[in-house]
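> Requesting a structural model of the entry that follows:
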Amino acid sequence: MTLSARPARELAIVTCMDCRLDVLGALGLQLGDAHVVRNAGGIVTDDVIRSLALSQHRLGTQEVMVIHHTGCAVEGLDVRDAVRQLRESPLLPHRDQIRGYIYDTDTHEVTEVGR
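This is a model prediction of the structure:
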């Protein structure tokens, strides 16, 4: 099976590199459904914004999920801050569908964080 570089769900996910996170499985997604950008803590950096800008401008993504998790070694991060950073970035043309979530590493459930 040949997959396109364009995510089938027009979705990009920013999350932590923690090996306990199965974000595709937890969200019921398959390979090819979403771009997944990982780093320590799922922190919004210039590199993350550059990756998302390319994902949106060239590869058709419309929605961004920022997923932090319980028990992260990078404690004290607030998903709402990450969402705000992305919504304020002039490099991202699609900013209205950026939301934050918490992944529970014990139950593997993903819960949306209030705005």
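> So what's the model's average confidence on the lengthiest helix in the chain?
Longest helix in the chain by number of residues (criterion: DSSP state H): helix 46-59. Helix 46-59 shows a mean pLDDT of 98.
> Now stretch 99-110: average pLDDT?
Here the average pLDDT along stretch 99-110 is 96.
> show me where the protein has helices.
23-26, 46-59, 79-87.
> Just name the most buried of the ones you listed.
Ranked by mean neighbour count under mean count of other CB atoms under 10 Å, those are led by helix 79-87, which reaches a mean of 18. C-beta coordinates here come from the backbone N, C-alpha and C atoms, glycine included.
> Show me where this protein dips below the pLDDT cut-off.
In the predicted model, the chain carries pLDDT under 70 at residues 115.
> mind listing the strands for it?
11-16, 34-39, 63-69, 98-103, 110-112 (DSSP state E).
> Throw the helices of the chain into CSV and include distance to Arg9, thanks.
Below are the helices of the chain laid out as CSV (distance: least, CB to CB, whole Å):
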stretch, distance to Arg9
helix 23-26, 11
helix 46-59, 12
helix 79-87, 18
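> Who is Val37 paired with across the strands?
For Val37, the beta-bridge partners under DSSP bridges are Val14.
> how near is it to Thr2?
Taking CB to CB, to the nearest Å as the measure, Val37 falls 23 Å from Thr2.
> So these two - more neighbours on which side?
Legend: neighbour count by other CB atoms under 10 Å for Val37 and Thr2, higher for Val37 (21 against 4).
> Go ahead and produce CSV holding the CA coordinates of stretch 61-80.
Extracted C-alpha coordinates of stretch 61-80, given in CSV (Å, rounded to 0.1, in the frame of the first residue of the first chain):
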residue,chain,number,x,y,z
THR,A,61,-3.3,20.0,7.2
GLN,A,62,-6.1,22.1,8.7
GLU,A,63,-6.2,21.0,12.3
VAL,A,64,-3.5,20.8,15.0
MET,A,65,-3.7,18.8,18.2
VAL,A,66,-1.2,19.6,21.0
ILE,A,67,-1.0,16.5,23.2
HIS,A,68,0.9,16.7,26.5
HIS,A,69,0.8,13.8,29.0
THR,A,70,0.8,12.7,32.6
GLY,A,71,4.1,11.8,34.2
CYS,A,72,6.1,13.8,31.8
ALA,A,73,9.8,14.3,32.7
VAL,A,74,9.4,17.9,31.5
GLU,A,75,7.0,18.9,34.4
GLY,A,76,5.1,22.1,34.6
LEU,A,77,4.1,22.6,31.0
ASP,A,78,0.7,24.0,30.3
VAL,A,79,-1.0,22.8,27.1
ARG,A,80,-3.0,26.0,26.9
